[in-house]
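A.B. asks: Fold the following for me, if possible:
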Amino acid sequence: MLNDIQNHWKHDEAVRIKCLGVPTVDMKNVCIQLEDKTFGKIIHRHGGVLVLYRGRNYKPKKRPVIPLMLWRPHEPIYPRLIKTTIDGLSIEETKEMRKRGLAVPALTKLAKNGYYGSLVSMVRDAFICCELVRIDCQGLEKSDYKKIGCKLRDLVPCILVTFEKEKIVVWRGKDYKPLEDGYFLPDRELFDSPEGDLVSGEEGCGNSDGNSSEKEFDSGEE
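C.D. replies: Okay, here's the model as predicted:
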């Protein structure tokens, strides 16, 4: 992808990138990584669509050398996300919480390769009135919704309860404290998203079509 961006910059000043899938949970990190590795500047962002500008003094002959990866690296070994007992709870309390979490109504249903940019805000808002939140991930790869759960744990923050039955169940914890005004401000992307993003209920969220790393290069458009 980085080489594609550099090749496109030979002919046009800007490139449009459409982001889908797990990375869109943390779009801020996606923007930081793109600017850091390409030395460009994001001049426009609308939901999962970014416009990356090469800069005024860009010289193709002095572009950074990006080695091509001709093989897929081994998957890193991470510590277990779901513990046998949740910190501060007994085994019986943990089992009861998992049973309750699978029974609560789903906050939203995630579409495969959708745009999840407002998921963090939705979970934060739901924690104001509910201590447990369940997200329906039916149809997603197991590795994908585990990565989404890991991002929620760090960004909300929250405690992961279970991934059983293609669900993500998270708990706000005993020491949960909302903002002083009692309300989490939603992400602006919740309103600016270009095409059917997160929708609560059983309608699903995001665009169910496309690939998780789709790129669009248009010379005459944004």
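
A.B. asks: Now do the same contact list for E35.
C.D. replies: With contact set as Cβ atoms under 8 Å, 6 or more residues apart in numbering, E35 has these partners: K41, I42, L52. Bear in mind the C-beta positions are built from the backbone N, C-alpha and C, glycine included.

A.B. asks: Confirm that the last one sits in a helix.
C.D. replies: What that stands for is L52. No - L52: not assigned to a helix; according to DSSP: H, G, I helix; E, B strand; the rest coil it is strand.

A.B. asks: residues near it, how many?
C.D. replies: 22 (other Cβ atoms under 10 Å).

A.B. asks: Of all residues in this protein, which one is nearest the centre?
C.D. replies: A centroid search over the chain (Cα atoms, centre = their mean) returns V25, at 1.5 Å, as the residue closest to the centre.

A.B. asks: That residue touches D154, doesn't it?
C.D. replies: No - with contact defined as Cβ atoms under 8 Å, V25 does not reach D154; the gap is 9.9 Å.

A.B. asks: May I have the secondary structure class of the residue nearest to the centre of the chain?
C.D. replies: helix.

A.B. asks: so what's it up against?
C.D. replies: Y116, G117, L119, V120, I148, K151, L152, L155.

A.B. asks: what's the answer for G40, then?
C.D. replies: Counting by Cβ under 8 Å, 6+ apart, G40 touches I5, W9, L34, L52, Y53, R54, G55.

A.B. asks: So the first one sits against K37, correct?
C.D. replies: No - I5 is not in contact with K37 according to Cβ under 8 Å; the separation is 9.2 Å.

A.B. asks: Compare neighbour counts for these two and give me the winner.
C.D. replies: Taking other Cβ under 10 Å, I5 and K37 do not tie; I5 has more neighbours (20 against 13).

A.B. asks: Tell me who's in contact with the more buried one.
C.D. replies: I5 touches V15, I17, T38, G40, L52, counting by Cβ under 8 Å, 6+ apart.

A.B. asks: Repeat that for P60.
C.D. replies: By Cβ under 8 Å, 6+ apart, the contact set of P60 is Q6, W9, K10.

A.B. asks: Would you tell me which one of the residues you listed comes nearest to I86?
C.D. replies: Q6 (46.3 Å; Cβ to Cβ).

A.B. asks: Just to be sure, the closest one is in a helix?
C.D. replies: Yes - remark: Q6 belongs to a helix, assigned using three-state DSSP.

A.B. asks: still on that earlier bit, please identify which two of the contacts of V25 are farthest apart in space.
C.D. replies: G117 and L152 (12.9 Å).

A.B. asks: where along this protein do the helices fall?
C.D. replies: 2-9, 27-38, 91-103, 119-126, 142-155, 189-192 (DSSP state H).

A.B. asks: Please identify the most buried of those.
C.D. replies: The highest average neighbour count among those, using mean count of other Cβ atoms under 10 Å, belongs to helix 119-126 at a mean of 22.

A.B. asks: how far out from the middle of the chain is that one?
C.D. replies: Mean-position distance between helix 119-126 and its chain equals 13 Å (Cα atoms, centre = their mean, to the nearest Å).

A.B. asks: Let me know the angle separating it from helix 142-155.
C.D. replies: On the basis of axes from the mean of the first three to the mean of the last three Cα atoms, to 10 degrees, helix 119-126 is oriented at 60 degrees to helix 142-155.

A.B. asks: average pLDDT across helix 119-126?
C.D. replies: In this model, helix 119-126 has a mean pLDDT of 92.
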